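[1] no letters, just coordinates:
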């Protein structure tokens, strides 16, 4: 997983380097970032929460996770880390699907696209560090 975490950080920094006012994220960049995020979250859920059924990053998968994990675990650091990963996905998804040239467009996700992409990169960096802090090195198998 160490390699996946490093790759995710690199992808996030790459996204943050987009300076085009439209913030257009290419399909390849977006899917590469989402794939890495999913692989990390899936393994982290299995190791930290004992939840091996994470089927994706969409809202429905978040609801399934919340329903199947005992409520007393929802306040744990590990569960909050998973929630943060899903929030990062949601932010990128909203940006990539926003109508950037409409008055409401990117404002939906908090402003101009390059700033939002920088925010995605910063949050991803904190997310990666939190995972590294909560799992002992011997747990990283990928």
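    Done, it's in. These numbers come from a predicted model, not from an experiment.
[2] from here on, contacts and neighbour counts on C-alpha atoms
    Fine.
[3] can you tell me how far residue 26 is from residue 17?
    Look at residue 26 and residue 17: by Cα to Cα, to the nearest Å, they are 13 Å apart.
[4] and if you look at residue 78?
    Going from residue 78 to residue 17 by Cα to Cα gives 30 Å.
[5] same thing with residue 126?
    Residue 126 sits 18 Å away from residue 17, going by Cα to Cα.
[6] ok, and for stretch 30-46, which residues are buried?
    30, 33-45 (16 or more other Cα atoms under 10 Å).
[7] ok, stretch 91-100 next?
    Across stretch 91-100, burial judged by 16+ other Cα under 10 Å covers 91-92, 95-96, 98, 100.
[8] for that stretch, what is the distance to the chain centroid?
    Centroid separation between stretch 91-100 and its chain, computed with Cα atoms, centre = their mean, to the nearest Å, is 14 Å.
[9] where in the protein is pLDDT low?
    Applying pLDDT under 70 to the chain picks out residues 19-24, 99-111, 136-142.
[10] 90 instead, please
    Low-confidence segments of the chain (pLDDT under 90): 1-2, 15-30, 91-118, 134-142.
[11] can you map out the helices along it?
    For the chain, applying DSSP state H gives helices covering 2-16, 27-44, 59-68, 77-97, 113-134.
[12] now do the fourth one: which elements does it pack against?
    Just to be clear, that refers to helix 77-97. Helix 77-97 sits against helix 27-44, helix 113-134, with contacts defined as 3 or more Cα pairs under 8 Å, 6 or more residues apart in numbering; DSSP states H and E.
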